[in-house]
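Enquirer: Requesting a structural model of the entry that follows:
(chains A and B)
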2 protein chains.
Amino acid sequence: LVLVLDFGSQTAQLIARRIRDLNVFCQLVRHDISAERVKELAPRGIILSGGPASVYGEKAPKCDPEIFNLGIPVLGICYGMQLTCQALGGVVRAGTTREFGRTELTTLEDHPLVAGLPATSTVWMSHGDQVQQAGDEFIPIASTHSCPMAAVRHRSRQIFGLQFHPEVTHSEYGKQLLENFLRKCCGCAGTWQIESLIEQQVTAIRARVGNSRVICGLSGGVDSSVVAALLYKAIGSQLSCIFVDNGLLRKGECEKVRERFQNHFKTDLHVVDASHRFLSELAGVVDPQQKRKIIGRVFIEVFRKEAESITDARFLAQGTLYPDVIESGGSPDGPAATIKYHHNVGGLPEQLGFELIEPLRDLFKDEVRRMGLALGLSEELIWRHPFPGPGLGVRCLGGITSERLHALREADAIVLEELRKAGLYRTIQQAFAVILPVQSVGVMGDGRTYEETIAVRAVTTDDFMTADWYPLPYDLMRIISTRIINEVRGVNRVVYDISSKPPSTIEWE
Amino acid sequence: LVLVLDFGSQTAQLIARRIRDLNVFCQLVRHDISAERVKELAPRGIILSGGPASVYGEKAPKCDPEIFNLGIPVLGICYGMQLTCQALGGVVRAGTTREFGRTELTTLEDHPLVAGLPATSTVWMSHGDQVQQAGDEFIPIASTHSCPMAAVRHRSRQIFGLQFHPEVTHSEYGKQLLENFLRKCCGCAGTWQIESLIEQQVTAIRARVGNSRVICGLSGGVDSSVVAALLYKAIGSQLSCIFVDNGLLRKGECEKVRERFQNHFKTDLHVVDASHRFLSELAGVVDPQQKRKIIGRVFIEVFRKEAESITDARFLAQGTLYPDVIESGGSPDGPAATIKYHHNVGGLPEQLGFELIEPLRDLFKDEVRRMGLALGLSEELIWRHPFPGPGLGVRCLGGITSERLHALREADAIVLEELRKAGLYRTIQQAFAVILPVQSVGVMGDGRTYEETIAVRAVTTDDFMTADWYPLPYDLMRIISTRIINEVRGVNRVVYDISSKPPSTIEWE
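Expert: All right, here's what the predicted structure looks like:
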């Protein structure tokens, strides 16, 4: 285990992912984690991330200085380096020039941290302050034109600093540097793997569950499917899956879940067709917040009823991921900066009185995908675009009726089918149709039509926090538009959403 | 004058335009026009157009057979040829093969009709039936592989037939053939020109109007502007123009009308600001038909009141065009097939008790444009995209308020400005923004927004009866979308309309 102290969420998460890619297990923790707690966790190394603050700022986030005295190797990056040097008697000042972007790094010393680096290489800088040569606590091992102490080591302890960002791909030998720190300074073997994690989780789940029954709620998506597959591997027939058909699913979704978890994995699958209940509760509701609330409430009611019918169940398994845990502040050591709540975290299990099993809570999304593939789930499922919890309910603007849902479902299926045919499904991270309660005039044969509009959305994104609309080939736009208008009753117009996030969002409601 | 007997509107209109392009004046008339009436009109030639029927069909449209006995040269094209030959004793039968598309024509005789044609050339065919060699009334002058009588002449009279379509551009020497018929067979000089038409109209208007005052309603569009400019040339200060600002105009429209008809042409311009009246009558109205009715009614009321204040006026001038006259059956000789009513034809003048002046009623749109340029109107106006009578009222879906109109007007101005900048304004025949009463979620800064959507429409079309959405360059889509969302308050999403007409329409309401 390696700990990454988080001084600025984006850069810290990136460091964590790089470390895991090097097959070393790591966790992100609050920047102010106590040395006490670190000692308990007993990591092989500690990394202090960069961050937007200046160490001389009034509210500059600090770390417990005692962590430098635990004998655990430390690597400070950018802000983390400045903090480290400051804590150990160095001097940090605003550089004569602020430095942003690519610059050339020159190695000064033949140290294990820079093993394998050529005499000069490109690194990526982004800082105003920098560490000044002062005293002899820190010895430079690499420099750039305007930053004599671009990489430093403590004169006696296993403590290092990098002024540049090894975690970004613009730093040519960044990965090598991180690997050097982990292998040569911390002594990590680099044997952590998805397969070993699966084995580890299977053992842990078996030990914890014993002879009890576990309920797993399936959504049709990647995360809950991976959880179910993992549990099935661990406890087989002790697993019961519940899938609620809320009438707001995509075309064929329910059949796919049956195929996967009844035919392929032979789990005790409970499919609850609650579509009539959902639709009658949603009748006449137009306000999106209201819709979401109703869908959420009815889901819990339906799910609870079904779960209660499974009399011997003690545990509930959920597909909570690492970023959800971090962002919701759900981990005792997690960074406290963000306060966003995720639907997977909290809520349901407490109300139902189950003990919670969250076997993915240490994993990033790409690790979940790797795990799913290793567990035998299909590529199609693993690369399925995200689908919101309230389903088509938030894509059926205006009043929800079964006719409008039917039209939306058909249009949506056409969009996805054509994207797959064009080989673009994986290039695009999320694509779907939205039905708009806007009637416009059309002509069919000799008559006038007065029908609704379908909006098509297709975006590319790295993290779903920002997103660009995808420039679909014009021919594909034409095919999608023509097919929807010809094949979907009640629709006579198709528009393509050309708004980016921000200031728009990916979903419409 | 040459008459074109209409057996199928599209092809007949195309023939008429080709003839006018050859500087010969011509008019489209009903296929069953009496020989009596033709004699009155005294044309130099008669052309029978093609059409979708078979001469043996039950409801096959016929012409008065007496027109062949008037001594006026006749050219029958496709269906018109079959009808001509049948009327004069020839035999028409279904050919052994139906023929569609390009085929090779071989000239058989050195006749004036085919003067200038090479031995073989390409022509465009589209027929099932064809004229069979029978008797000796008709003599072939050209043939194709499967049609021995592709071009014929009557053995004694100036009567001709072409089985192919000389009016389509796919027929290589089609224009030459039509020109041969007009010049060599009918003796037309080909001196008809826009400038001579202007002179002719100016003289006619002066003669008719005398010392009276003429009112011309300006819409801001091409047709009414050309009428006003023509009248100004004819009668100068006897012209009064009325422009009603209904509050549903594009950005800057009113200023442009003032600039044009007050500063450039110094007409007696009455600008009536009735925007408050329109908006208050439209308040709360959502139904598009209702909106149109209110806008139409209030317009007439406002216009009438202003017109009545111009006490000495006797005439009202309108920009009715030739296709409007044909389509509305407004001409006594016009084809009766279509029944669509145009807002320019009928209605207003009868109610106001004025005599009507329609100086453009013999012209096609491109001829009106040429006339406008010759009269000194700007390129910008002449190539202005069409704008519907009810204005932004039919592009402001849902309830009309001044806030929503303001947003729409700004968005619309951005669309047009960016199209002009990109040099695409004339490539595209119609482009505009529509505001949709659909609120969707967005993010701006730290907050959520919940605002409306703008749809952008840009189409290419030959005749506005069919239209394709234009594949705007992706960068341009991006610029337009970003500018609208950033600059227009109350809008956080932009979509691009990717629907063709049919089955959609160009406008949304």
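
Enquirer: could you show me where the helices are in the stretch 201-350 of chain A, in order?
Expert: A:222-235, A:253-258, A:275-282, A:288-309, A:322-327, A:348-352 (DSSP state H, counting those that start in this stretch).

Enquirer: could I get those as TSV with distance to residue A:111 and mean pLDDT?
Expert: Heads up, the C-betas are built off the backbone N, CA and C, glycines and all. What follows is the helices of the stretch 201-350 of chain A, written out as TSV (distance: least, C-beta to C-beta, whole Å; pLDDT from 0 to 100):
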stretch	distance to residue A:111	mean pLDDT
helix A:222-235	41	97
helix A:253-258	54	96
helix A:275-282	63	97
helix A:288-309	55	93
helix A:322-327	32	68
helix A:348-352	50	62
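
Enquirer: Now distance to residue B:171 and mean neighbour count too, for those helices, in a markdown table please.
Expert: Shown next, in a markdown table, are the helices of the stretch 201-350 of chain A (distance: least, C-beta to C-beta, whole Å; neighbours: other C-beta atoms under 10 Å in any protein chain shown):
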| stretch | distance to residue B:171 | mean neighbour count |
| --- | --- | --- |
| helix A:222-235 | 61 | 24 |
| helix A:253-258 | 56 | 17 |
| helix A:275-282 | 60 | 17 |
| helix A:288-309 | 59 | 16 |
| helix A:322-327 | 67 | 21 |
| helix A:348-352 | 74 | 15 |
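
Enquirer: Nearest to chain B, out of the ones you listed?
Expert: Closest to chain B of the helices of the stretch 201-350 of chain A, according to C-beta to the nearest C-beta: helix A:288-309, at 7.3 Å.

Enquirer: Helix A:275-282 and that closest one, what's the angle between them?
Expert: Counting by axes from the mean of the first three to the mean of the last three C-alpha atoms, to 10 degrees, helix A:288-309 lies at 140 degrees to helix A:275-282.

Enquirer: what helices or strands is helix A:288-309 leaning on?
Expert: If you count contacts as 3 or more C-beta pairs under 8 Å, 6 or more residues apart in numbering or on different chains; DSSP states H and E, helix A:288-309 packs onto strand A:239-245, strand A:268-273, helix A:275-282, helix A:348-352.

Enquirer: how about 10 Å then?
Expert: strand A:213-218, strand A:239-245, strand A:268-273, helix A:275-282, strand A:313-317, helix A:348-352, strand B:430-444 (3 or more C-beta pairs under 10 Å, 6 or more residues apart in numbering or on different chains; DSSP states H and E).

Enquirer: what about these, which gets the closest to residue A:123?
Expert: Among the helices and strands packed on helix A:288-309, strand B:430-444 comes nearest to residue A:123, with 33.3 Å by C-beta to C-beta.

Enquirer: Quick one: find the helix or strand in chain A with the lowest mean pLDDT.
Expert: Ranked by mean pLDDT, DSSP states H and E, the weakest helix or strand in chain A is helix A:348-352, scoring a mean of 62.

Enquirer: could the helices of the stretch 201-350 of chain A go into a markdown table alongside distance to residue B:173?
Expert: Formatted as a markdown table, the helices of the stretch 201-350 of chain A follow (distance: least, C-beta to C-beta, whole Å):
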| stretch | distance to residue B:173 |
| --- | --- |
| helix A:222-235 | 66 |
| helix A:253-258 | 62 |
| helix A:275-282 | 66 |
| helix A:288-309 | 64 |
| helix A:322-327 | 72 |
| helix A:348-352 | 79 |
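
Enquirer: wait, which of the ones you listed is closest to residue B:162?
Expert: With respect to residue B:162, and counting by C-beta to C-beta, the nearest of these is helix A:253-258 at 60.9 Å.

Enquirer: Can you name the residues in contact with the closest one?
Expert: The contact list for helix A:253-258 (C-beta atoms under 10 Å, 6 or more residues apart in numbering or on different chains) reads A:218-221, A:224-225, A:228, A:241, A:243-245, A:249-250, A:264, A:269, A:271, A:273, A:275, A:378, A:380-381, A:384, A:387, A:391-392, A:409.

Enquirer: Narrow those residues to those that are buried.
Expert: By neighbour count, with 16 or more other C-beta atoms under 10 Å in any protein chain shown, the contacts of helix A:253-258 hold A:218-221, A:224-225, A:228, A:241, A:243-245, A:249-250, A:269, A:271, A:275, A:381, A:384, A:387, A:391-392, A:409 as buried.

Enquirer: Let me know the secondary structure of the closest residue in space to residue A:153 that isn't next to it in sequence.
Expert: Counting by C-beta to C-beta, 6 or more residues apart in numbering or on different chains, residue A:153 lies nearest to residue A:160, which is 5.2 Å off, once chain neighbours are set aside. What DSSP: H, G, I helix; E, B strand; the rest coil gives for residue A:160 is strand.

Enquirer: Contacts only, for residue A:160.
Expert: Contacts of residue A:160 by C-beta under 10 Å, 6+ apart are A:47, A:73-77, A:81, A:84, A:111, A:113, A:138, A:141, A:151-154, A:177, A:180-181, A:185.

Enquirer: Just the ones of these in strands?
Expert: The strands, defined by DSSP state E, take in A:47, A:74, A:75, A:76, A:77, A:138, A:141, A:151, A:152, A:153, A:154 from the contacts of residue A:160.

Enquirer: Burial check on the last one, number of neighbours?
Expert: Residue A:154 has 18 neighbours, counted by other C-beta atoms under 10 Å in any protein chain shown.

Enquirer: just the third one next, same as before
Expert: Residues lying near residue A:75 (other C-beta under 10 Å) number 29.

Enquirer: beta partners of it?
Expert: Beta bridges link residue A:75 to residue A:47, residue A:160 when assigned by DSSP bridges.

Enquirer: is it true that it touches residue A:26?
Expert: No. The criterion here is C-beta atoms under 10 Å, and residue A:75 misses it with residue A:26 at 11.9 Å.

Enquirer: From residue A:392, how far off is residue A:299?
Expert: From residue A:299 across to residue A:392, the span is 14 Å (C-beta to C-beta, to the nearest Å).
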